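# let me see the structure of the following:
(2 chains)
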Amino acid sequence: MIEFRDVHKHYADYHALRGISATIREGEFFSLLGPSGCGKTTLLRTIAGFEDISSGAVLIDGRDMAQVPANVRPTNMVFQSYAIFPHLTVAQNVGFGLRRDRRGRMEKDRAVAEALEMVGLGGYGARAAHALSGGQRQRVALARALILKPKVLLLDEPLSALDRKMREQMQVELIKLQRQVGITFVLVTHDQEEALVMSDRIAVMFEGEIAQLDEPEALYARPVDRRVADFIGVMNFLPAEVLGDGGEVVAVRIAGLGIVEIPAAQISRAMPGDPGPSVGFRPETMTLLGAGEEPRGAVQVSRGVIDEVVYYGDMTYYDIRLEGMGEAVEPVRISMRNVFGRDVPAVGIPVRVAWSPGALVLFR
Amino acid sequence: MRPNWLGAYALLYLLFLYAPILLLPLFAFNDATIVAFPLRGFTTQWFGEMWENATLRRALGNSLIIAGSSAVLSTCLGIFAARASTRFRFPAKGGIMGAIMLPLVLPEIIVAMSLLVVLLSIGVTLSIVTVIVGHTLICMPYAITVLTTAFASLDPAFEEAAQDLGESKWGAFRLVILPLVMPGIISALLISFTVSLDEFIIAFFLAGNQPTLPTYIFSQLRFPASIPMIMALGTVLVLLSIVMLTIAEYFRRRGAARTGQNDRGFL
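This next block holds a predicted model:
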């Protein structure tokens, strides 16, 4: 559908895209995720045609877009600022792209009404665009782009201007909308949660390169390096010492957890900036055991002391200092769903935690 | 009660600004050739005289043509410059924009003199056309200042959005940018018009034997008998200025309301 072939983008003194090669599939919800300045918006704009590339190629449906200007590309964009034309009404905004359409006035009006209906703004056509709320503007921007039935809809941080409740609601609506229209969506976001919620696949970008392109579950469970692991969700890192490499498994001594054999499938690369080999795990893969509670399944048990409790209502984060992890290492953070009627353990209490070697990722 | 010094200052300031202007209509309707109190009685004679005066009519006609042409020229050129300076990056941008804005601070008499020398040396006949050229030069900085503000307040995504929705660059400019900066364009036109209308030095140097309003008024000041008529003319010009300012403000507010801004401006 969309193919990047070794795309480079140089600005006068800045290498914004450093050899991007990736394929976005037809009909998928694809996200470009990364911190600000990683090149994700630049990459999106190369699809739209607002950014020339220095070398490489961007193809849409197998066709090289190098000589195709923005106004004839089969893409439409929802801008971060929404760019709703303030001098036009809602209906004029949504119908803006139909100017070159040969259909009659009546049919165009009907198409505009349908598009507004689709985004939940039926009957808003006559309103002045500048009088809309942020959420409404975003819907108008969506209707304005989708009315042209593009092959690709590009979304540049479309939810960042909304408050949290509105954002979560729009996330669900966008997913539904994408399924309904079946168009390829490419979303740019710096919000990892948003990317995980909405995407079929995510490209995580750092410094002009794609660090990992994967499905959300894979990205979360098996980050390719510490940067990705750190950027997506919360991950605990413990220093590890490699004792022996058996090919299939690697034996490591992990601070606080002891000696563990880690299968090759759970090994990711360490980056030049990393402080030596380390083992990571997600907060929910470790469980706090109640007094006298027996662990279930193939798990191991370690001891520690609660260092901090962060209460979130539905769940609680516990920072735990494991026995033998050393003073220099940050306590590990584990998350537990709160159970009604059961007390939340307090700071300073010695506890036992259960964890599974299968949830560990070795970065070496 | 403590005396309100700031209030008194403000009152004096306004009095100093406007009292002379308020005297204009007073003496324009005064039935005497000498501009002095006490007033003698009401007359519209001076307005009649003004209307009958063929040279003055010609001066007015010349001034309107010059002001209209320089306003249109400097606003059109100003649109190019303002758009270039807000939308694009190019080498020596600061220097080029500075050079365009320079007439704002150059002594006008220097501009007028150097233009005169150059025009005469290349053999151009002095006429209202040469005045239009000179006025366009000095009106440009005013037009650019107003237009740059108008262009700079636009979200650059507007233009991209229009292109994204299928419009060419020209279409995006015509359908989105132009309507949004229209209040700025009207302001620039009116300001340039006003600047040109009362400009004296360049008109005096470059008009040849053609009168413009300011040069005509200046020439009449030597004849005490025609001073009441000049007062009448002044009254008309003040009224005209107020009308123009009102129109400009109306358009500015309408533009602001349409795009949902709510700054109050000057008025």
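
# what parts of the stretch 1-150 of chain A come near chain B?
Proximity of the stretch 1-150 of chain A to chain B (C-beta under 8 Å from any C-beta of the partner chain) is limited to residues A:48, A:50, A:69-72, A:75-77, A:79-81, A:83, A:85-87, A:96-97, A:99-100, A:128, A:130-131, A:144-145, A:148. Any C-beta I mention is one placed from the backbone N, CA and C, and that applies to glycine too.

# filter those residues to the buried ones?
For those, a burial check counting by 16 or more other C-beta atoms under 10 Å in any protein chain shown picks out A:48, A:50, A:70-71, A:75-77, A:79-80, A:83, A:85-87, A:96-97, A:128, A:130, A:144-145, A:148.

# which is the next helix or strand following the lengthiest helix in chain B?
For chain B, the helix with the greatest residue count under DSSP state H is helix B:54-87. Using DSSP states H and E, the next helix or strand after helix B:54-87 towards the C-terminus is helix B:93-101.

# and the buried ones among the residues of the stretch 1-150 of chain A next to chain B, which of them are in strands?
Mapping these onto strands (DSSP state E) picks out A:75, A:76, A:77.

# so which of the residues you listed comes closest to chain B?
When those are compared for distance to chain B (C-beta to the nearest C-beta), residue A:77 comes out closest, at 4.9 Å.

# just give the closest residue to the closest one, not the sequence neighbours.
Leaving aside its chain neighbours, residue A:77 sits nearest to residue A:154 (4.3 Å; criterion: C-beta to C-beta, 6 or more residues apart in numbering or on different chains).

# now swap in residue B:193 and tell me
residue B:71 (4.1 Å).

# if I look at that neighbour, what pLDDT would I see?
Note for residue B:71: predicted pLDDT of 96.

# what residues are up against it?
Residues near residue B:71 by C-beta atoms under 8 Å, 6 or more residues apart in numbering or on different chains: B:139, B:188, B:189, B:190, B:192, B:193, B:196.

# and the second one, which of the three is it?
Classification of residue B:188 using DSSP: H, G, I helix; E, B strand; the rest coil returns helix.

# that one is in contact with residue B:140, isn't it?
No. If you go by C-beta atoms under 8 Å, residue B:188 and residue B:140 don't touch, sitting 9.8 Å apart.

# among the two, which residue is more densely surrounded?
residue B:188 (30 against 24; other C-beta atoms under 10 Å in any protein chain shown).

# pull the contacting residues for that one.
Counting by C-beta under 8 Å, 6+ apart, the residues that residue B:188 touches are B:71, B:74, B:75, B:78, B:142, B:143, B:146, B:147.

# can you select the buried ones from these in PyMOL?
To isolate the buried members of the contacts of residue B:188 in PyMOL, using 16+ other C-beta under 10 Å:
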select buried, chain B and resi 71+74+75+78+142+143+146+147
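
# between the contacts of residue B:188, which is closest to chain A?
Relative to chain A, the closest of those is residue B:147; by C-beta to the nearest C-beta it sits at 17.2 Å.

# go ahead and confirm the closest one touches residue B:76.
No. With contact defined as C-beta under 8 Å, residue B:147 does not reach residue B:76; the gap is 10.3 Å.

# who does the nearest residue to residue A:60 once chain neighbours are set aside bridge with?
In space, and not counting its chain neighbours, residue A:60 is closest to residue A:2: 5.5 Å by C-beta to C-beta, 6+ apart. In this entry, residue A:2 is beta-bridged to residue A:24, residue A:60, by DSSP bridges.

# what's the answer for residue A:209, then?
residue A:206.

# that one against residue A:20, yeah?
Yes. Using C-beta under 8 Å, residue A:209 is in contact with residue A:20, at 7.2 Å.

# give me the common contacts of these two.
residue A:39.

# could you dump the ones in strands among the buried ones among the residues of the stretch 1-150 of chain A next to chain B into JSON lines and include pLDDT?
JSON lines is the format used below for these (pLDDT from 0 to 100):
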{"residue": "A:75", "pLDDT": "95"}
{"residue": "A:76", "pLDDT": "95"}
{"residue": "A:77", "pLDDT": "95"}
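
# want to throw these into TSV with distance to residue A:334?
Putting these into TSV (distance: C-beta to C-beta, whole Å) gives the following:
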residue	distance to residue A:334
A:75	44
A:76	44
A:77	41
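
# which one of those residues is nearest residue A:63?
residue A:75 (12.1 Å; C-beta to C-beta).

# output the host helix or strand of residue B:170 in PDB with nothing but the alpha carbons.
Here residue B:170 sits within helix B:169-172, counting by DSSP H and E. The C-alpha coordinates for helix B:169-172 follow below in PDB (Å, rounded to 0.1, in the frame of the first residue of the first chain):
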ATOM      1  CA  LYS B 169      -1.200  26.500  -4.800                       C
ATOM      2  CA  TRP B 170      -3.000  29.400  -6.500                       C
ATOM      3  CA  GLY B 171      -6.400  27.800  -5.600                       C
ATOM      4  CA  ALA B 172      -5.400  27.500  -2.000                       C
END
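
# which residues are contacting that helix?
B:159, B:162, B:163.

# and the last one, how many neighbours?
Looking back up the chat, that one is residue B:163. Neighbours around residue B:163, by other C-beta under 10 Å: 23.

# flag every residue of the stretch 51-200 of chain B that's near chain A.
Going by C-beta under 8 Å from any C-beta, the residues of the stretch 51-200 of chain B near chain A are B:155, B:157-158, B:160-168, B:175-176, B:179-180.

# can you do 6 Å?
B:155, B:157-158, B:160-161, B:163-168, B:176, B:179-180 (C-beta under 6 Å from any C-beta of the partner chain).

# now do the helices in chain B.
Using DSSP H, helices in chain B cover B:5-28, B:45-52, B:54-87, B:93-101, B:108-121, B:128-152, B:156-164, B:169-172, B:178-197, B:201-206, B:213-220, B:227-258.

# typed the wrong thing, it's the stretch 101-250 of chain A
A:105-118, A:134-146, A:164-181, A:192-198, A:216-221, A:226-231 (DSSP state H, counting those that start in this stretch).

# which parts of the last one are buried?
Along helix A:226-231, the positions that meet the burial threshold by neighbour count (16+ other C-beta under 10 Å) are A:226, A:227, A:228, A:229, A:231.

# name the residues that touch that helix?
A:204, A:206, A:211, A:212, A:223, A:235, A:271, A:274, A:280, A:363 (C-beta atoms under 6 Å, 6 or more residues apart in numbering or on different chains).

# let's see if you can find the most crowded of these.
Ranking these using other C-beta under 10 Å puts residue A:204 first, with 27 neighbours.
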